[in-house]
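> take this sequence and fold it.
(chains A, B, C and D)
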4 protein chains.
Amino acid sequence: MELTDFKAAIDPYKVIFFDAFGVLKTYNALIPGIENTFAYLKDTGKEFYVLTNDASRSPRQLADSYHRLGLYDIEPETIVSSGMLARDYLQTKVKNGVVAYLGTKNSAHYLETAGLTAQSISDLSLDNIDDVSALVFMDDEGFEWGTDLNKTVNLLRKKTIPVIVANTDRTYPMGLKTVAIAIGAVAKMVEDIVGKQFMRFGKPDAQMFIFACQQIQKYRGVDRSEILMVGDTLTTDILGGNKFGLDTALVLTGNTRIEDVDMRINSTGIIPTYVCESAVVK
Amino acid sequence: MELTDFKAAIDPYKVIFFDAFGVLKTYNALIPGIENTFAYLKDTGKEFYVLTNDASRSPRQLADSYHRLGLYDIEPETIVSSGMLARDYLQTKVKNGVVAYLGTKNSAHYLETAGLTAQSISDLSLDNIDDVSALVFMDDEGFEWGTDLNKTVNLLRKKTIPVIVANTDRTYPMGLKTVAIAIGAVAKMVEDIVGKQFMRFGKPDAQMFIFACQQIQKYRGVDRSEILMVGDTLTTDILGGNKFGLDTALVLTGNTRIEDVDMRINSTGIIPTYVCESAVVK
Amino acid sequence: MELTDFKAAIDPYKVIFFDAFGVLKTYNALIPGIENTFAYLKDTGKEFYVLTNDASRSPRQLADSYHRLGLYDIEPETIVSSGMLARDYLQTKVKNGVVAYLGTKNSAHYLETAGLTAQSISDLSLDNIDDVSALVFMDDEGFEWGTDLNKTVNLLRKKTIPVIVANTDRTYPMGLKTVAIAIGAVAKMVEDIVGKQFMRFGKPDAQMFIFACQQIQKYRGVDRSEILMVGDTLTTDILGGNKFGLDTALVLTGNTRIEDVDMRINSTGIIPTYVCESAVVK
Amino acid sequence: MELTDFKAAIDPYKVIFFDAFGVLKTYNALIPGIENTFAYLKDTGKEFYVLTNDASRSPRQLADSYHRLGLYDIEPETIVSSGMLARDYLQTKVKNGVVAYLGTKNSAHYLETAGLTAQSISDLSLDNIDDVSALVFMDDEGFEWGTDLNKTVNLLRKKTIPVIVANTDRTYPMGLKTVAIAIGAVAKMVEDIVGKQFMRFGKPDAQMFIFACQQIQKYRGVDRSEILMVGDTLTTDILGGNKFGLDTALVLTGNTRIEDVDMRINSTGIIPTYVCESAVVK
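Okay, the predicted model is just below:
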């Protein structure tokens, strides 16, 4: 596909949705020049949101991580994380009891702000599960894989409860060339073992985009045709955006490299509206 | 699980979403007494919608099929079909060209009312595909399986276009004890063969429920906690309703039999809010 | 990977196993020069077998198809087809009753020579299935897809019988750039719908290689290290050969093209012992 | 299905293949009375082998574990473990270099007796992988899941090597009502993440049965019709035995309970020749 200048790509839209990783930042730094993009959004009065399959930290902590890197435009209110969807589900459907979770103490934020009692799978005893009303896969850290995944399997064999997966990704980047297994892949293994059906929240699922649309302030009620989804991954950002009826821009600073882009589009059949070198306005 | 009287189950809600098959009708007749339910809904001022994974006919034709059976309360405006979601997608994202489809001439309704040129896969020549801008799996009838599925596979190998599946079901009932292969299963076979990613519309996907919520008139803006989803299938009606944050009622007049209900809930991990003998108000 | 001259590749081995399609012939012609290879095998006293996932015709008919193209070295005794494995299974395990099959009348050869009564799915009535003792997917032709696949699904819902798939492929080439859906893909769709577990015969399964080893005459009892498997497909020929402990040669005249070979090996992790331009001895 | 007395079931056969777990022993004890079966086999001159998807220990160590429980008839020569198949593959196909493995030090036995240098994934550094020529999933213990599974994923992203899974099971029993995740499930997660194709050894794969047949001494060359496979699991023992052409006996002392047996047979379509209460000769 032909490359489109990012400024030209975003100009027709009122609201921009950004994926975080591979679009705004790499594993330990901002994409060089990305601050220009946010200055341009401000100047032109466009509204933006960051849609991230990340339930490891609260929106406040996620925003802080950008501030520490020198990008001050991202505030907690502009972040839509898959953890927020999990919280929304739990608040609506699981009104009491103890919610067991796999993840860091930080990820428990989403459960506690839903008014629920959160208990790390590490602290759970299988002899005392009467009060457990749901299980949530939040993050790949904060528990002991060997012991606690076995405990998770046995919990789900003993008790029929809703299971929520707050991050649908299979891996995430750890360094320039290494990845780590994300909780989405671990949840899939457990789901196959116990033969039950888990509920997944995060891109490419429509609920992530609905939720983001509900946050829109200045352009409340904007038509979907005036929103652009910007991402680096065809199977989550672009597929999800397309299916929800948004225009989409694929950027080449993350999972998809310039030499592979045509092959990837052809082999998956997922077609972005634009392909741009990066999300940087020059 | 304990059985709840259907009247008691629906009383707390303002809006009721019904699945069609196995809830309102069987393969060739209404569920006996179902007209009482609609009389009760009218009396109590509740609003209702029928959510169906059926893209074989227009809402008008679907409504007529109830009228012919003697149920006059179901009007085209109260029907939300997966074909409507496919139309919505095509209208937003595929603005021109020819949309090839697998399905009956009736199913082409959804494409033509989107202002698109629809062409049955049967009439398509692989030598003339320059104008084909999308492919839609609508229904399992209206084409020649052997010849036309091979043509479909070769079309998708030659050209990268979005592929839409307007019915996610694998089978549908044909008689008391026989089923037919639904287009959802056929689409899955083609997807596996060509290795591309298709876009599916229909329950349990959130978009079906969003779309239904957007149709609500009298109780526009109603909170999700005031909507009840009624269905006979755990993996579509109940999973989809649960995930979208609705309360759910499983009825035992279709895919789920009373002797299996506990086993099915335990083995899938999909838990309805209520289990009712049927959707009939007595 | 580096290319190896085919003559150099086969020289160390006593027995050569060949895949048929993409190695010996293309869709309607022999690979140019392939007759030299068979002359060379004869001169050097090497034994060979053709291992093919093809149950559409008897070994006699398969051999005739080479003779018609001008290659006279392939005799019925040198052919090992997945149909022969299906016959072997049926002979051992299904001793009586009627075996229903999907496939051409030619494919029924494998059932009839097993001493069984074969009945095409087209001729089967669902009202008369008491004698049906097994179902075999042989070939993609010889039945009416729409009607007869629905009949197949309902047969398997009504009666618990062993189901055999005598061809594991998903597609086969029809012309230079078009493919047809193979019965293996159709069987997978039916298997997913009915939720039962079918038995598959054909490469990469070990049984195909065991069966071929049992046919070896001159070098009876040869060690596996003295057999070379030659094929054009990583996921069937090469994976199967590797797993069975054979050395393997990938040739580039069929499914794998020279420009993709490194990418394919890296992306699948399936590593042939040799990569050769073709199976032609020059 | 009707229950058959185990003595009557085995009488027509010369060689008996037994699964271990759920057939000969439970998690910490012998099946009561199983020693009678082995006395009867001795009296009647029948030969037997134990076929087990267990690569955690050598045949010597596995035999010792029976001796400690009081069953002295099982000797190392009568055990066929999936670890032996992995060793056989490595010996034939991977002739040099370092074989990285996930598993206990005991499981490395199979690699070292193949004349290979085994290195636990725990001891491997990603900076020094030039000599690594294969990776083997042996057992779920002996490594740190979080750290070492991430290391495994990155190893397979950096280097294209054959990957062997020496245990195809998903779980194994830990106590009366709890299970542990088996290495087969972990390997499947890694396979999905890296998108490569692993080689699996163990039931229901034909190679397990070929290997067992090759061990037969007294009745060397016995026809498959004179061998009976006895197991407690339809999807491994019975499916594998059936497909290989053996008669099969399902026993109800392990994974399959008497109240579920008909439902399980019908729902999987896997049909044993006999169903017996246990493998105990009374």
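> can you map out the helices along chain A?
Residue ranges of the helices in chain A, as given by DSSP state H, are A:6-10, A:34-43, A:59-69, A:82-93, A:109-112, A:145-158, A:183-194, A:206-215, A:239-244, A:261-268.
> could you export these as a markdown table, including mean neighbour count and mean pLDDT?
All C-beta spots, glycine's among them, are computed from the backbone N, C-alpha and C. As requested, these are exported to a markdown table (neighbours: other C-beta atoms under 10 Å in any protein chain shown; pLDDT from 0 to 100):
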| stretch | mean neighbour count | mean pLDDT |
| --- | --- | --- |
| helix A:6-10 | 20 | 98 |
| helix A:34-43 | 17 | 97 |
| helix A:59-69 | 16 | 96 |
| helix A:82-93 | 24 | 94 |
| helix A:109-112 | 24 | 93 |
| helix A:145-158 | 20 | 96 |
| helix A:183-194 | 22 | 96 |
| helix A:206-215 | 20 | 94 |
| helix A:239-244 | 26 | 96 |
| helix A:261-268 | 15 | 90 |
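> I'd like those helices laid out as TSV, including distance to C:Ser81.
Converted to TSV, those look like this (distance: least, C-beta to C-beta, whole Å):
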stretch	distance to C:Ser81
helix A:6-10	55
helix A:34-43	60
helix A:59-69	59
helix A:82-93	50
helix A:109-112	58
helix A:145-158	43
helix A:183-194	34
helix A:206-215	47
helix A:239-244	41
helix A:261-268	32
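> nearest to C:Met208, out of those?
Checking these against C:Met208 by C-beta to C-beta gives helix A:183-194 as the closest, at 27.9 Å.
> which helices and strands does the closest one pack with?
Identification of packing neighbours for helix A:183-194 by 3 or more C-beta pairs under 8 Å, 6 or more residues apart in numbering or on different chains; DSSP states H and E yields strand A:132-137, helix A:145-158, strand A:163-165, helix D:183-194.
> got the angle between that helix and helix A:145-158?
50 degrees (axes from the mean of the first three to the mean of the last three C-alpha atoms, to 10 degrees).
> alpha carbons of helix A:183-194, as CSV, please.
Below are the C-alpha coordinates for helix A:183-194, written out as CSV (Å, rounded to 0.1, in the frame of the first residue of the first chain):
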residue,chain,number,x,y,z
ILE,A,183,-1.8,-12.9,30.5
GLY,A,184,-4.1,-13.4,27.5
ALA,A,185,-2.0,-16.4,26.4
VAL,A,186,-2.0,-17.9,29.9
ALA,A,187,-5.8,-17.5,30.2
LYS,A,188,-6.2,-19.3,26.8
MET,A,189,-4.2,-22.2,28.2
VAL,A,190,-6.3,-22.4,31.3
GLU,A,191,-9.5,-22.1,29.2
ASP,A,192,-8.5,-25.0,27.0
ILE,A,193,-7.7,-27.1,30.1
VAL,A,194,-10.9,-26.5,32.0
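> what's that helix in contact with?
Contacts to helix A:183-194, defined as C-beta atoms under 8 Å, 6 or more residues apart in numbering or on different chains, come from residues A:53, A:55, A:102-103, A:137-140, A:145, A:149, A:152-153, A:156-157, A:163, A:165-171, A:197-198, A:200, A:202, B:269, D:170-171, D:181, D:185-186, D:188-189, D:192-193.
> and if you look at stretch A:94-110?
A:55-58, A:61, A:83-84, A:86-87, A:90, A:111, A:116-121, A:124, A:131-143, A:148, A:152, A:155, A:162, A:166, A:183, A:186.
> residue of the stretch 1-150 of chain A nearest chain C, please.
When scored by C-beta to the nearest C-beta, the stretch 1-150 of chain A has A:Met1 as its residue closest to chain C, at 20.1 Å.
> for that residue, which non-adjacent residue is spatially closest?
In this structure, A:Met1 finds its nearest non-sequential neighbour in A:Val275, 4.7 Å apart by C-beta to C-beta, 6 or more residues apart in numbering or on different chains.
> how close does the residue nearest to A:Leu90 when sequence neighbours are not counted sit to A:Asp260?
Setting aside the residues directly before and after it, A:Leu90 is nearest to A:Ala114 in space (C-beta to C-beta, 6+ apart), at 4.9 Å. A:Ala114 sits 40 Å away from A:Asp260, taking C-beta to C-beta, to the nearest Å as the criterion.
> got it, and A:Lys177?
16 Å.
> now A:Gln215
33 Å.
> try A:Gly221
Relative to A:Asp260, A:Gly221 is positioned 38 Å away (C-beta to C-beta).
> neighbour count winner among the two?
Of the pair A:Gly221 and A:Asp260, A:Asp260 is the one with more neighbours under other C-beta atoms under 10 Å in any protein chain shown, namely 12 against 6.
> who does the spatially closest residue to A:Pro272 that is not a sequence neighbour bridge with?
Excluding the flanking residues, the one nearest A:Pro272 by C-beta to C-beta, 6+ apart is A:Leu250, at 4.0 Å. Beta-bridge partners of A:Leu250, counted by DSSP bridges, are A:Gly231, A:Val275.
> so which residue of chain A comes closest to chain C?
A:Met263 (9.0 Å).
> residues touching the closest residue to chain D within the stretch 101-250 of chain A, list them.
The nearest approach of the stretch 101-250 of chain A to chain D comes at A:Trp145, 3.4 Å away (C-beta to the nearest C-beta). By C-beta under 8 Å, 6+ apart, the residues touching A:Trp145 are A:186, D:144-146, D:149.
> how much space is there between it and D:Trp145?
Distance, A:Trp145 to D:Trp145, using C-beta to C-beta: 3 Å.
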